[in-house]
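>>> Provide a 3D model corresponding to the input given below.
(chains A and B)
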Amino acid sequence: MSILELTALTRSFSELLAVDRLDLSIATGEMFGLLGPNGAGKSTTIKMLTTLLPPSGGSASVDGFDVVHRAQSVRRIIGYVPQMLSADGTLTGFENLMVFAKLYELPRADRKDRVSESLAFMGLADSADKPVRHYSGGMIRRLEIAQSMLHDPRVLFLDEPTVGLDPAARRAVWDLIGTLRARRGTTIVMTTHQMEEADLLCDRIAIMHRGRLVAQGTPSELKDSIGSDGASLDDVFIHYTGSNLDSGGTYRETRRARRSARRLS
Amino acid sequence: MKPEGLAARPADFPDAEGPAGRGALSGLFAYVARSFAIAGMEARKLLHDPTELLTRAVQPALWLLVFGQVFTRVRAIPTGNLRYIDFMAPGILSQSVLFIAIFYGIAVIWERDLGILHKFLVSPVPRSALVLGKALSAGIRGLTQAVIVYVLAVILGVRMDWNPLSLIGVLFVVMLGAGFFSTFSLLIACLVKTRERFMGIGQILTMPLFFASNAIYPIAMMPRWLQVVSRVNPLTYQVDALRGMMLAGGVSAYGLGFDIGILTLSTAVFIAIGAKVYPTITY
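Numbers count the residues shown, from 1 in each chain, chains lettered A, B, ... in the order given. Below you'll find the model as predicted:
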């Protein structure tokens, strides 16, 4: 049973074709990785699936709801952790979650408990009342994931969830994603360009290059597909996206990626 | 799954924002509650870091203390039976609310750059409720300016109207004015998209909005063309309403009902436009 269905999904920005007729189907409960070099169209795809950006062509649906015509229904059942820093530094961790508990209309009587539980699960109970600007990068990421899961979404979108984190914090986030999935059976779609992360976490992977889908399959299928023994996902990535170094995204994207990396470290 | 109230809507009405399976009244309540949740969050941020409010007190203080006191002596500006300092106090309150509200777009761009905005936009909150929440937050900031200007006015001996109804009216008009200009600012932010461009435009806008109004001199003194500009400037109606309610013996030139009607209508129109434009800032 597929929960995400993308049919010829396309998005262009004036001259640039950011996503070019993307067809994908993601199964319920799957952990799906969207890979590709900077500027491949991963973030644009996620933006369309999360209703932030209307497609220029084609269609996509989440649990049967069209992302354009039934945007409100889609929004009720998805969670999203943007690549950039999205927690509010002047508010405490508790306050950050409480706003969204209200916006998602969790029952008034449960709100405080749900928020406290969620903070405890993320290992943030002791820092709940500290302003988020005093959190470490790893703590902020955990808080953001907590927030995106408050309303128990059916699909969770993680855009580069470990960008800018040190190895220990990265491991902590990986463990957490694994646990969340095991407990709630949430379908997770993540983008990354760390092959280790994709290999470790994802059931299935799609590789995008210049807006197009160039390969998809399980990590082992992909490794087998390039026909050299003992291939790593890095080899797969380079095989499908080429090794040309000038496809590294625009100035604006680079600036944003660096800035969020700096904030989180 | 919640029952879907949207199914009955025509399919050619994309992004329908009706509350799912709710009556009109509880839907309205939920809508307002979520706008308040946003405004409440902004109020908490102010409480955590109130330094901004203190620095915002400097400008109205200078205008009232320096400009106001000098021009009260000069008697260069005909203000009817009001002393000049009385005449300008509502103008300065409107100005300080305007200056706070018109740069509100910077915060919107900042939230977009960080990614905070994206999280609000993927939530099922109607876009207009998000914009209304922002307008209310600006209103709360505006209220702090009202407190500051009232304190200054009392110190300077401005003859104030302390009738509770008038006070409530003043607070309401201040919130309306802040809501209007902050939504205006949000629209500009959505159009220009970067902080650098926004700063330029903000600077260009504030001065004409302030000087082409009745804030510090009566419109009757102006050349004809400027009178026309002033009459379409919503700040004029904010100042006029405040002049009618803040001061002992103050009279509104256009009538309170008209002033408040104009402000409410223009704010509602801007919020409706804002609801359409706000999501495009993340593109």
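>>> Which single residue of the stretch 51-200 of chain A ends up nearest chain B?
Here the residue of the stretch 51-200 of chain A nearest chain B is residue A:84; by C-beta to the nearest C-beta that distance is 3.2 Å. C-beta here means a position set from N, CA and C on the backbone, and glycine is covered the same way.
>>> Now that residue. Nearest residue, chain neighbours left out?
residue B:115 (3.2 Å; C-beta to C-beta, 6 or more residues apart in numbering or on different chains).
>>> still on that earlier bit, in which helix or strand would I find the residue of the stretch 51-200 of chain A closest to chain B?
Following DSSP states H and E, one finds residue A:84 outside all helices and strands.
>>> What is the burial count for it?
22 (other C-beta atoms under 10 Å in any protein chain shown).
>>> surely it meets residue B:110?
No: Residue A:84 is not in contact with residue B:110 according to C-beta atoms under 8 Å; the separation is 11.5 Å.
>>> Does residue 165 fall in a helix, a strand, or a coil region?
Reading this off chain A. coil (DSSP: H, G, I helix; E, B strand; the rest coil).
>>> quick one, what contacts residue A:200?
Neighbouring residues of residue A:200 by C-beta atoms under 8 Å, 6 or more residues apart in numbering or on different chains: residue A:174.
>>> hmm, back to that, phi first, then psi, for the residue of the stretch 51-200 of chain A closest to chain B.
phi -80, psi 170 (degrees, to the nearest 10).
>>> cool, residue A:151 as well?
phi -90, psi 20.
>>> in chain A, which spans are strands?
A:2-13, A:16-27, A:31-35, A:57-62, A:65-66, A:78-81, A:155-159, A:187-192, A:204-209, A:212-217 (DSSP state E).
>>> The stretch 51-200 of chain B: helices as residue ranges?
B:51-56, B:58-62, B:69-74, B:84-102, B:104-114, B:116-121, B:127-155, B:164-192, B:195-211 (DSSP state H, counting those that start in this stretch).
>>> tell me what the third one is packed against?
Read that as helix B:69-74. Secondary-structure packing of helix B:69-74 (3 or more C-beta pairs under 8 Å, 6 or more residues apart in numbering or on different chains; DSSP states H and E): helix B:84-102.
>>> nearest spatial neighbour of residue B:166, skipping sequence neighbours?
Excluding its sequence neighbours, the residue lying closest to residue B:166 (C-beta to C-beta, 6+ apart) is residue B:245, at 4.4 Å.
>>> Was I right to think the one you found contacts residue B:256?
Yes: here residue B:245 reaches residue B:256: they are 7.2 Å apart, a contact under C-beta under 8 Å.
>>> okay, and the common contacts of those two?
What both residue B:245 and residue B:256 touch, as defined by C-beta under 8 Å, 6+ apart, is the set residue B:169.
>>> the more surrounded of those two?
residue B:245 (24 against 16).
>>> follow-up on the earlier one: just put the strands of chain A in a markdown table and tack on mean pLDDT and distance to residue B:178.
Formatted as a markdown table, these follow (pLDDT from 0 to 100; distance: least, C-beta to C-beta, whole Å):
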| stretch | mean pLDDT | distance to residue B:178 |
| --- | --- | --- |
| strand A:2-13 | 96 | 35 |
| strand A:16-27 | 94 | 38 |
| strand A:31-35 | 95 | 42 |
| strand A:57-62 | 96 | 38 |
| strand A:65-66 | 97 | 37 |
| strand A:78-81 | 96 | 31 |
| strand A:155-159 | 96 | 34 |
| strand A:187-192 | 94 | 39 |
| strand A:204-209 | 94 | 45 |
| strand A:212-217 | 94 | 48 |
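>>> Dump those to a markdown table, plus distance to residue B:219.
Below are the strands of chain A laid out as a markdown table (distance: least, C-beta to C-beta, whole Å):
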| stretch | distance to residue B:219 |
| --- | --- |
| strand A:2-13 | 46 |
| strand A:16-27 | 50 |
| strand A:31-35 | 60 |
| strand A:57-62 | 53 |
| strand A:65-66 | 53 |
| strand A:78-81 | 50 |
| strand A:155-159 | 53 |
| strand A:187-192 | 57 |
| strand A:204-209 | 60 |
| strand A:212-217 | 62 |
